[in-house]
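Engineer: Here you go, sequence then predicted model.
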Amino acid sequence: MNIEQLQSKEYFTIGDAAKICGVPEYTIRYWEKSFGLIKPIRKESLHRRYTKSDINTILKIKDLIYRHKMTLEGAKKHLNRFMAIGARPKADEGLRTARDVKFLKEIKETLSQLIKE
């Protein structure tokens, strides 16, 4: 799935979500139950339909667990703290939210100032 297809779609199947995020379908289902932050829409056939917000949350969980080597419990605490401050992306935003970009720019500016001092 390329970027154009990703941006044009509103809802994704679990197979699409697995391809986009690079994790197996069973991992997504497990994280869905464990974290409670991924809430796919269920069709009448009970098939899951994930929003862009769900995909973004799955990518954040993956980053915390795989790259930052957090445990599931540590990732849950981190995400709950992150979500408590209102940083959960909306469904209509892309995979990288404007808030994320603003936050990263603020971090960059702060680090630049610290380096100068």
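Structural biologist: Arrived safely.
Engineer: residue ranges of the helices in the chain, please?
Structural biologist: 3-8, 14-21, 25-35, 52-62, 72-84, 98-116 (DSSP state H).
Engineer: quick one: low-confidence parts of this protein?
Structural biologist: The chain contains residues with pLDDT under 70 at 1-6, 84-98.
Engineer: right, so of the helices of the chain, which gets closest to Glu44?
Structural biologist: Judged by C-beta to C-beta, the one of those that comes nearest to Glu44 is helix 14-21, at 16.4 Å. For every residue, glycine as well, the C-beta is placed using N, CA and C.
Engineer: tell me the angle that closest one makes with helix 25-35.
Structural biologist: Between the axes of helix 14-21 and helix 25-35, defined by axes from the mean of the first three to the mean of the last three C-alpha atoms, to 10 degrees, the angle is 90 degrees.
Engineer: Go through the helices of the chain and name the closest to Lys43.
Structural biologist: Between Lys43 and the helices of the chain, the shortest gap by C-beta to C-beta is with helix 14-21, which sits at 11.8 Å.
Engineer: what's the spacing between stretch 24-37 and its chain's center?
Structural biologist: The chain centre lies 12 Å from the centre of stretch 24-37; the measure is C-alpha atoms, centre = their mean, to the nearest Å.
Engineer: For stretch 14-30, which outside residues touch it?
Structural biologist: With C-beta atoms under 8 Å, 6 or more residues apart in numbering as the test, stretch 14-30 has contacts from 1, 6, 9, 12, 38, 40, 47-48, 50, 54-55, 58-59, 62.
Engineer: By neighbours, which of those wins?
Structural biologist: Tyr50 (27 neighbours; other C-beta atoms under 10 Å).
Engineer: re earlier: for the contacts of stretch 14-30, which one is nearest Glu109?
Structural biologist: For the contacts of stretch 14-30, the nearest to Glu109 is Leu59 (24.9 Å; C-beta to C-beta).
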